[in-house]
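Colleague: Quick one: sequence and predicted model below, then my questions.
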Amino acid sequence: MSAPLKTDFSGQTINMVLRRVRDTLADAGIDTADLDARHLVRAIGPPKTDILCHKDQKLDAAQAQHLAGLVEKRAAHMPLAQVLGRWEFWSLDLFITKDVLTPRPQSEHLIEAVLQRTDKAQKFNLVDLGTGSGALMLAILSERPAARAVGVDLSPDALKIAQKNAVHHNMQKRTDFVLGGWDAALAKAPFDVLVSNPPYIARREIAGLHRAVRDYEPHMALDGGADGLDAYRQIFALVPHYVRSGGVFAFEIGADQGAAVLALARAMPALRQFALTCDYGGRDRILAGRVC
């Protein structure tokens with residue numbers, strides 16, 4: 001383990017600090033050092049104020065100490081969202097901890113897939129399997145004001161974060177949370193929509209992941225079994241029991257899993273109207289469809 005950083009920012013201007021933080025992160029091998037430096041310096045400013053607009057302002061002792069702690073964590077490759085304790089997804093400000101995955105931009109394609117298959121005024125019930133921070137279900141609810149959602153997760157700590165995020169966005173009356181495995185919310189079925197971003201990394205590949213993911217994000221949310229497809233096998237068998245006829249399902253998938261996940265879905269007679277969506281890099285990312 002590397003020695004703690006000995007960094008004192010006291011009495012230095014925002015402009016000076018920005019450069020020092022950027023250089024410290026770059027030296028630690030952070031590819032996004034410039035952007036991350038801006039996020040970290042902003043985090044020590046007053047709420048609703050962009051401290052970067054006051055570049056000649058000098059840091060006081062408390063701000064300097066706070067920033068030094070943030071920089072040390074990020075230089076150790078802790079995910080920026082965990083360092084900050086929150087992250088933006090679909091324009092929602094979400095609380096993030098070590099107990100949940102950081103929401104990724106590619107997951108927004110799943111939100112789009114559901115929005116394309118539902119109407120804005122439509123009243124529907126949604127279940128989010130493996131909800132984590134609640135990012136998927138809350139993003140959909142933010143666009144579908146008549147909808148309600150149930151989030152399921154095996155981690156009680158993850159559910160606490162999801163509940164906190166629901167309250168933060170005043171959606172607590174439209175949400176419910178169930179602790180347990182993939183089938184834990186069957187008693188609340190049928191639903192109109194099912195979404196999931198399940199673990200889909202093949203177990204042998206986890207050791208080779210970037211250290212920010214491998215060392216800090218919950219392995220429960222990463223480990224998809226020997227071939228990365230265990231969760232899909234289990235959930236596809238449950239979809240017809242969860243979702244009413246004519247209802248929608250949408251899954252995030254690994255970049256090289258399109259054909260394999262589609263084959264699993266096609267093996268279920270009740271599932272139909274499949275559509276694979278690619279992310280901005282042209283890689284398979286979302287499998288959506290309907291229940292007959």
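Modeller: Yep, that arrived. Because the structure is predicted, anything quoted here is derived from the model rather than measured.

Colleague: Counting residues, which strand of this structure comes out longest?
Modeller: Secondary structure of the chain read by DSSP state E shows that its longest strand is strand 243-252.

Colleague: If you count neighbours, what's buried in that strand?
Modeller: 243, 247-252 (16 or more other CB atoms under 10 Å). No exception for glycine: its C-beta is placed from N, CA and C like everyone else's.

Colleague: From these, pick the one nearest residue 83.
Modeller: Ranked by distance to residue 83 (CB to CB), the buried residues of strand 243-252 are led by residue 252 at 24.2 Å.

Colleague: how near is the residue lying closest to residue 209 once chain neighbours are set aside to residue 25?
Modeller: Closest residue to residue 209 apart from its sequence neighbours, by CB to CB, 6 or more residues apart in numbering: residue 201 at 7.1 Å. If you measure residue 201 against residue 25 using CB to CB, to the nearest Å, the figure is 26 Å.

Colleague: My guess is residue 41 contacts residue 14. True?
Modeller: Yes: Residue 41 is within contact range of residue 14, at 6.5 Å (criterion: CB atoms under 8 Å).

Colleague: Looking at these two, which is more packed in?
Modeller: More crowded of residue 41 and residue 14, by other CB atoms under 10 Å: residue 41, with 26 against 21.

Colleague: residues in contact with the one helix or strand the more buried one maps to?
Modeller: Using DSSP states H and E, residue 41 sits within helix 33-42. Outside helix 33-42, the residues that touch it by CB atoms under 8 Å, 6 or more residues apart in numbering are 14, 17-18, 21-23, 25-26, 30, 50-52, 67, 70-71, 74, 80, 83-84.

Colleague: what's the following helix or strand after it?
Modeller: helix 61-75.

Colleague: Just the buried residues from the contacts of helix 33-42, in ChimeraX please.
Modeller: With 16+ other CB under 10 Å as the criterion, this ChimeraX line picks the buried residues out of those:
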select :14,17,18,21,22,25,26,30,51,67,70,71,74,80,83,84
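
Colleague: Pull out the buried residues from the helix or strand just after the longest strand of the chain.
Modeller: Using DSSP H and E, the helix or strand that follows strand 243-252 in sequence is helix 258-266. Of all the residues in helix 258-266, those buried under the rule 16+ other CB under 10 Å are 258, 260-262, 264-265.
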